[in-house]
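> Here's a sequence, model it:
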Amino acid sequence: MALVEKNAFDDAGFHVSEARAGDYLALLKPRVMSLVVFTAFVGLMTAQTAINPFIAIFAILAIAVGAGASGALNMWYDADIDAVMSRTAKRPVPSGRVLPGEALIFGLFLSAFSVMMLGLVANWLAAGLLAFTIFFYAVVYTMWLKRWTPQNIVIGGAAGAFPPMIGWAAATGHVSLESVIQFLIIFLWTPPHFWALALFKSGDYERAGIPMMPNVAGEASTKRQMFAYAVLVAVVGVLPTVLGNASMSYALLAGALGIGFVWYSWAVLRMPEQDRVMKPAKALFGYSLLYLFAIFAALLLDAVAARSGLAVW
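Have a look, this model is predicted:
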């Protein structure tokens, strides 16, 4: 296999890893990890509960390590399909820089370490949620949903939506409706975000045999579903204010961001079939990243202002 042939051999004929520190860092999916860390931190801060700074720092660190562990396990299992997709072919395992067994051991070790750390420094509810998130992403999504159903992103999106709940649980020891709303924002955001990518990368997914929605249900159905999810995201985005967990200023910003999300999704809905350039889909993909960062940044600023005793309209 190409994954093995690209590794060096020692004098005895055993495979020798050529992995460097940067390759192991890449296994952690740093960009995905940064989003997980940010949303988990927002969950922790919006809980409005006094928490020891030492506990907060190590709790976020544990969540970051757990997110990285999920990424490593995902890359270990998906090495075969990553190798045939232009977007992922240069990842450490399919390119041969990291041996599959190394990625597996690395991911398992980090999983156990992150869960134990979170349980010891925060509480075991948060640790249990982190363990379930790693299991959901690595097993339920990666090993099952991703290859078997076009609803892979819809159901699997729960894995990326748990971090705010984990952060909230780390701060409070319980899960509340407010943290569930934060979960729902990410959960409902995930399908239009990834289906936008799937529209202009459908060839990659087809070659890899992944049943993404555009490849199974077609462009027209996918675009209609994307628009419906965008509307739901826009509505759920303002619920923190309705629940009294955010200010009216936040609601106005969230509403404006939600209208933007719907507008970009409407442009995709109107996009001609088999559009080779797919500029609206690419624009939605970019805007969706901005939306999620901005909505959680607004929640964070609102929480910081409340903790500081500042009056926010």
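
> Look at Ser95 and report its pLDDT.
What the model reports for Ser95 is a pLDDT of 90.

> quick one: secondary structure of it?
Under DSSP: H, G, I helix; E, B strand; the rest coil, Ser95 falls in the coil class.

> ok, which stretches of the chain are strands?
According to DSSP state E, the chain carries its strands in the segments 8-9, 15-16.

> contacting residues around Phe58?
117, 121-122 (C-beta atoms under 8 Å, 6 or more residues apart in numbering). C-beta here means a position set from N, CA and C on the backbone, and glycine is covered the same way.

> quick one: Ala251 from Leu28, how far?
From Ala251 across to Leu28, the span is 35 Å (C-beta to C-beta, to the nearest Å).

> out of these two, which sits in the busier spot?
More crowded of Ala251 and Leu28, by other C-beta atoms under 10 Å: Leu28, with 21 against 18.

> Enumerate every residue touching the more buried one.
Counted by C-beta under 8 Å, 6+ apart, Leu28 has contacts 67-69, 71-72.

> repeat for Arg31
Contacts for Arg31 (C-beta under 8 Å, 6+ apart) come out as none.

> With adjacent residues omitted, what lies nearest to Asn123?
The shortest distance from Asn123 to any non-neighbouring residue, by C-beta to C-beta, 6 or more residues apart in numbering, is to Gly173 (4.9 Å).

> tally of neighbours for the one you found?
14.

> Need the phi and psi values for it.
phi 80, psi 10 (degrees, to the nearest 10).

> ok so, going back, who wins for neighbours among the contacts of Phe58?
For the contacts of Phe58, neighbours were counted using other C-beta under 10 Å, and Ala122 has the most, 28 neighbours in all.

> Would you mind checking the contacts of Leu28 for buried ones?
In the contacts of Leu28, burial by neighbour count holds for 67-69, 71-72, counting by 16 or more other C-beta atoms under 10 Å.

> Adding pLDDT, write those residues out as TSV.
Converted to TSV, these look like this (pLDDT from 0 to 100):
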residue	pLDDT
Ala67	96
Gly68	96
Ala69	97
Gly71	96
Ala72	97
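
> low pLDDT regions in this structure?
Filtered on pLDDT under 70, the chain yields the residue ranges 1-17, 275-276, 309-313.

> for Trp168, what are its contacts?
By C-beta under 8 Å, 6+ apart, the contact set of Trp168 is 43-44, 46-47, 175-176, 178-179, 182.

> Which ones among these map onto helices?
43-44, 46, 178-179, 182 (DSSP state H).

> Just give me the residue closest to the centre of the protein.
Gly160 (3.7 Å; C-alpha atoms, centre = their mean).

> Go ahead and confirm it touches Ile186.
Yes. The pair Gly160 and Ile186 qualifies as a contact (C-beta atoms under 8 Å) at a distance of 5.9 Å.

> Could you pull up the residues touching Pro280?
Pro280 touches 264, 267-268, 270-271, counting by C-beta under 8 Å, 6+ apart.

> Show me which of the residues you listed is closest to Ile295.
If you rank the contacts of Pro280 by distance to Ile295 using C-beta to C-beta, Tyr264 comes first, at 14.5 Å.

> close enough to count as contact, that closest one and Lys282?
No. Counting by C-beta under 8 Å, Tyr264 stays clear of Lys282, with 10.3 Å between them.

> Between the two, tell me which one has more neighbours.
Set Tyr264 next to Lys282 and count neighbours by other C-beta under 10 Å: Tyr264 wins out with 24 against 15.

> so what's Leu300 closest to, chain neighbours aside?
Distance criterion C-beta to C-beta, 6+ apart; nearest residue to Leu300, sequence neighbours excluded, is Val42 at 4.8 Å.

> Touching, the one you found and Ala298? I think so.
No. The pair Val42 / Ala298 is not scored as a contact, 9.5 Å apart, by C-beta under 8 Å.

> related to what we said a few turns ago, of the ones in helices among the contacts of Trp168, which pair is most distant in space?
By the measure C-beta to C-beta, Leu44 and Glu178 form the most distant pair in the ones in helices among the contacts of Trp168, at 12.2 Å.

> neighbour count winner among the two?
The residue with more neighbours, out of Leu44 and Glu178, is Leu44; 29 against 22, by other C-beta under 10 Å.

> separation between Ala56 and Glu219?
Ala56 is 45 Å from Glu219, by C-beta to C-beta.

> repeat for Gly66
36 Å.

> More neighbours: which of those two?
Gly66 (31 against 22).

> which stretches of the stretch 151-300 of the chain form helices?
152-161, 163-172, 177-200, 202-208, 213-217, 219-236, 239-242, 248-269, 279-307 (DSSP state H, counting those that start in this stretch).

> Would you mind listing the outside residues contacting the fourth one?
The set of residues that contact helix 202-208 without belonging to it, under C-beta under 8 Å, 6+ apart, is 81, 84-87, 198, 212, 214-215.

> mind putting the contacts of Trp168 in CSV, distance to Gly237 included?
Shown next, in CSV, are these (distance: C-beta to C-beta, whole Å):
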residue, distance to Gly237
Gly43, 15
Leu44, 20
Thr46, 14
Ala47, 19
Val175, 20
Ser176, 18
Glu178, 13
Ser179, 15
Gln182, 10
